[in-house]
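Undergrad: take a look and give me a structure for this.
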Amino acid sequence: MNTKQKNGKKDSKNWELTIGSDFELFIKDNETQKFVSSLDLFDNKDKYDPFVIDDHTKFFCDNVLFEGNVKYATTKKDLVENFRFTLTKMAECLSEKYGDRYSFIADAAHEFDDESLNNPKAREAGCSVSYNAHTKGISETAPFEKVNTRTSALHAHFGRTDFNKIKNRKGQILLDHNSRNDIVLLSDLFIGNTMNLIDNDVENSILRRKYYGKSGELRTPPFGVEYRVLHSYFLRHPSMIEFLYDLSVEMFKYIRAGQEQVLLNRFNMETLALAINTNNKEISKAIFDGLDMPKHIIEQVEMHKDITYDSDVLSGWGIKVKNLDLEVA
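TA: Numbering: from 1, shown residues only. Next up is the predicted model:
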């Protein structure tokens, strides 16, 4: 796809890429070692009545998980600090009510018992429509009313600083329909496939993709694209968020140069989707090698692939909240 406006001019280069996120975490009872529902701990406080820190930072119950929103950033340092800020505020919220009884867990999926899903909201799936860049159709909704598997997410939000100034979105990177679709396919190629190589929560990841987060999943917010393939394992340590940033920047070099289709045509999209959806590291490695990534990307894959980070996300980030010694509610 040639990213040109209707008048034939190329997309303006005078904008900065923004990267933000929303993510979902499980909550574990440290006394019983059992995963528990956020709905029970926070009185059904869902996205319609969230905890609000500022215009960009909020968190709430999403099914049985606890979801946090991360303010967008234009630099790696700011992105990591924005994640840290949201995680810290979520930890303070949990600690203020329950002390150190509960932990946030960054697993790809978990199988709950029936008792933990008694709340009617625990049987609901997200109401907003998701699409798939491969099929170009609407994604199937997870059958949470029938199954007890629940899935986490680490959604990447790609935007541009001038999105609200663009009136004619045709041909505009991140804002045009075709551009969004190409960007998600490239995200599979650069991000989903590469992260597959460092995913050491494989069993849960395969379980997750039976219901959610398949290759090519996206939403189309006003600012750009929401890439919905990654899960919260990649939130276990800040260095993996740094890696996500680096992969995104590398990908957008091709997008700004208008080389999306040239690159996508070099790879079989069905094979790419198979690698991601089945966590097939052998296929992912062959695809990764075909991208001829720069040295700093290759080094990060080698660094992360043999490390299984602590599932306690606050521990991985070194976030410590002062124990307020409050009674358990």
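
Undergrad: switch to C-alpha atoms for all contacts and neighbour counts from now on
TA: OK.

Undergrad: just how off-centre is stretch 147-161 within its chain?
TA: 4 Å (C-alpha atoms, centre = their mean, to the nearest Å).

Undergrad: got it, and stretch 57-64?
TA: 14 Å.

Undergrad: again with stretch 275-289
TA: Offset of stretch 275-289 from its chain centre (C-alpha atoms, centre = their mean): 19 Å.

Undergrad: now do the end-to-end distance for that stretch.
TA: 14 Å (C-alpha to C-alpha, to the nearest Å).

Undergrad: what residues of that stretch count as buried?
TA: Buried residues in stretch 275-289, counted by 16 or more other C-alpha atoms under 10 Å: Ala275, Ile276, Asn277, Thr278, Asn279, Asn280, Lys281, Ile283, Ser284, Ile287, Phe288.

Undergrad: now stretch 125-139
TA: Across stretch 125-139, burial judged by 16+ other C-alpha under 10 Å covers Ser130, Tyr131, Asn132, Ala133, His134, Ser139.

Undergrad: packing partners of the strand or helix carrying Gln261?
TA: Assigned by DSSP states H and E, Gln261 falls within helix 260-264. With contacts defined as 3 or more C-alpha pairs under 8 Å, 6 or more residues apart in numbering; DSSP states H and E, the packing partners of helix 260-264 are helix 177-187.

Undergrad: contacts for the helix it packs on, please.
TA: Helix 177-187 is contacted from outside by 1, 3, 133-134, 170-174, 216-218, 220, 224-225, 227, 248, 251, 255, 260-261, 264, using C-alpha atoms under 8 Å, 6 or more residues apart in numbering.

Undergrad: can I assume Gly159 sits in a helix?
TA: No - Gly159: not assigned to a helix; according to DSSP: H, G, I helix; E, B strand; the rest coil it is strand.

Undergrad: first to last residue in stretch 159-168, what's the distance?
TA: Note: stretch 159-168 ends 16 Å apart using C-alpha to C-alpha.

Undergrad: list the contacts of that stretch.
TA: Outside stretch 159-168, the residues touching it (C-alpha under 8 Å, 6+ apart) are Trp15, Glu16, Leu17, Thr18, Ile19, Leu174, Leu175, Pro222, Phe223, Gly224, Val225.

Undergrad: in CSV, list the C-alpha atoms belonging to stretch 222-232.
TA: Extracted in CSV, the C-alpha atoms of stretch 222-232 (Å, rounded to 0.1, in the frame of the first residue of the first chain):
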residue,chain,number,x,y,z
PRO,A,222,-9.4,7.5,17.1
PHE,A,223,-5.7,7.9,17.7
GLY,A,224,-4.6,5.0,15.6
VAL,A,225,-4.3,1.2,16.2
GLU,A,226,-4.7,-1.1,19.2
TYR,A,227,-2.7,-4.3,18.7
ARG,A,228,-4.3,-7.0,20.8
VAL,A,229,-2.1,-10.1,20.4
LEU,A,230,0.3,-9.9,23.3
HIS,A,231,-0.4,-11.1,26.9
SER,A,232,0.8,-10.0,30.3
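
Undergrad: buried ones in that stretch?
TA: Buried residues in stretch 222-232, defined by neighbour count with 16+ other C-alpha under 10 Å: Phe223, Gly224, Val225, Glu226, Tyr227, Arg228, Val229, Leu230, His231, Ser232.

Undergrad: same check on stretch 244-258?
TA: Leu244, Tyr245, Asp246, Leu247, Ser248, Val249, Met251, Phe252, Tyr254, Ile255, Gly258.

Undergrad: average pLDDT for it?
TA: Here stretch 244-258 scores 96 as its mean pLDDT.
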